[in-house]
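K.L.:
using only what follows, build the 3D model:
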Amino acid sequence: MNLHAHVGDGIVVDSMELGHPPRKGEILTVMGDGDAKHYLVRWDDGRESYFYPGTTSHVIHGTHCAQHSSVERAHTSAVEMAQHPATAGVRRRA
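P.N.:
Residues are numbered from 1 along each chain as shown. Purely as a prediction, here's the structure:
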């Protein structure tokens with residue numbers, strides 16, 4: 001099964017057992033060609049493993065980009081606060 005995933009995308013593996021949460025991770029490396037693609041994934045628990053997709057898995061595209069953007073915004077806000085505490089977070093009209 002080919003998921004058409006890219007580095008940075010999220011992967012979700014739905015549980016086959018009722019009441020168990022899905023397993024979630026981030027794709028670190030894409031390996032193989034065509035329908036033989038497999039992935040190196042960092043799972044939410046911090047472990048990494050090679051993953052060969054099955055019928056219970058799906059991709060969430062752009063997960064890494066969205067997480068990176070929110071981290072970048074938080075960092076920018078912290079820098080802004082340190083440099084200009086009185087006006088941090090205030091947006092000016094153009």
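K.L.:
from Gly25, how far off is the nearest residue to His61 once chain neighbours are set aside?
P.N.:
Nearest non-adjacent residue to His61, counting by C-beta to C-beta, 6 or more residues apart in numbering: Asp9, 5.3 Å away. C-beta: built from backbone N, CA, C; applies to glycine. Asp9 is 10 Å from Gly25, where distance means C-beta to C-beta, to the nearest Å.
K.L.:
how about the strands of this structure, start to end?
P.N.:
Counting by DSSP state E, the chain has strands at residues 10-13, 23-31, 38-43, 48-51, 57-60.
K.L.:
and the second one, C-alpha only, in CSV?
P.N.:
Listed next in CSV are the C-alpha coordinates belonging to strand 23-31 (Å, rounded to 0.1, in the frame of the first residue of the first chain):
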residue,chain,number,x,y,z
ARG,A,23,-0.7,5.4,17.0
LYS,A,24,0.7,8.7,15.7
GLY,A,25,4.1,9.8,14.4
GLU,A,26,6.1,11.9,12.0
ILE,A,27,7.8,10.7,8.9
LEU,A,28,11.5,11.2,9.0
THR,A,29,12.7,9.4,5.9
VAL,A,30,10.9,7.9,2.8
MET,A,31,12.5,4.8,1.4
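K.L.:
could you list the buried residues of it?
P.N.:
Arg23, Gly25, Glu26, Ile27, Val30 (16 or more other C-beta atoms under 10 Å).
K.L.:
next, the contact list for Leu51, please.
P.N.:
One thing to correct before we go on: residue 51 is Phe, not Leu. Ile11, Gly25, His38, Tyr39, Leu40, Val41, Ser57 (C-beta atoms under 8 Å, 6 or more residues apart in numbering).
K.L.:
any idea how far Ala36 is from it?
P.N.:
Taking C-beta to C-beta, one finds Phe51 at 13 Å from Ala36.
K.L.:
got it, and Pro21?
P.N.:
Counting by C-beta to C-beta, the gap from Pro21 to Ala36 is 29 Å.
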